[in-house]
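>>> model the following, please.
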Amino acid sequence: MLLSVSAGRALAAGPYSIEQVKISSSLPKSITSDVDPSGVLLFTSGKGVKEEICSIFLAKSAVAAVPPPANSGYSSIREGALIGIVHLFREATDDYYVDYNNQKLAPGYYTMRYALQTSGVGEHGPIQGDFVVLSPIAMDSEPERVLSLEEVVRLGKAASHGEEAARMQLMRVEDTKSPLPAVTADSSGAAVVQLNLHLAGSKTTPAKELQIDLTVVTPKPDLGQNAS
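Okay, here's the model as predicted:
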């Protein structure tokens, strides 16, 4: 294993649990210098067998939107800014490598950058949603840069090898009563990892902590039931 799991107590929600982990020393320092070395490991324990799904490491400080938006939601993050890194484990069942568009992803490390994307079509046309777009870490070696949406999408398609950029949805979950980080299961059975992201300040806006609720790559409900 590339990651060392801490001896801390696991926090569970239904079939999912999280533990604290440290980032691998094998990753380039050009990437890890901008990422918090402490992250979370998401795993399941079906039939008493622990199966590690992925680990998540947030950026030490995400770039804020300029000018700051009127609301305090995900639009507080500048589009194209680094959110963190996700590591999909090779040992996990490949059903866990499904992104928002049901695209299979290869195991490995990916950067996560914030982007507004179409999440569906409603009565009045396309509906936008908040996402992190995944890029192969070897192709996104300058984490301090804020990328254009075109570049984010191009790298996301390199991750998915498909028509849509690889992405995970940022949910709007009610404030949890549990201390963060935490994990919960949404109505579809997917795992939603809740974390605090440090948002950088500016001359006119103070730095702050922003709760992000990330729907992590997970199986569809029927696949999850079969896996357990």
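
>>> give me the nearest residue to residue 39, chain neighbours excluded.
Take residue 39 and drop its neighbours on the chain: the residue closest to it by C-beta to C-beta, 6 or more residues apart in numbering is residue 57, 3.7 Å away. Heads up, the C-betas are built off the backbone N, CA and C, glycines and all.

>>> the one you found: neighbour count?
When neighbours are defined as other C-beta atoms under 10 Å, residue 57 has 26 of them.

>>> so what's the residue lying closest to residue 97 once chain neighbours are set aside up against?
Take residue 97 and drop its neighbours on the chain: the residue closest to it by C-beta to C-beta, 6+ apart is residue 105, 4.5 Å away. Counting by C-beta atoms under 8 Å, 6 or more residues apart in numbering, residue 105 touches 88, 97, 98, 99, 134, 159, 160, 166, 217.

>>> helices of this structure, residue ranges please.
According to DSSP state H, the chain carries its helices in the segments 29-32, 149-160, 221-227.

>>> and the contacts of the first one?
Just to be clear, that refers to helix 29-32. So helix 29-32 is contacted by 23, 85, 111, 137, 141, 142, 143 (C-beta under 8 Å, 6+ apart).

>>> which of the contacts of residue 105 fall in strands?
88, 134 (DSSP state E).

>>> pLDDT score for residue 118?
Looking at residue 118, its pLDDT reads 85.

>>> oh, I was asking about residue 51
Reported pLDDT for residue 51: 87.

>>> against residue 92, how distant is it?
In this view, residue 51 and residue 92 are 6 Å apart by C-beta to C-beta, to the nearest Å.

>>> residue 35 now?
Residue 35 is 21 Å from residue 92, by C-beta to C-beta.

>>> kindly report the same for residue 131.
In terms of C-beta to C-beta, residue 131 sits 22 Å off from residue 92.

>>> with neighbour numbers in mind, choose between those two.
It is residue 131, of residue 131 and residue 92, that has more neighbours when counted by other C-beta under 10 Å, with 28 against 19.

>>> specify the beta-bridge partners of the more buried one.
Taking DSSP bridges as the rule, residue 131 bridges to residue 115, residue 169.
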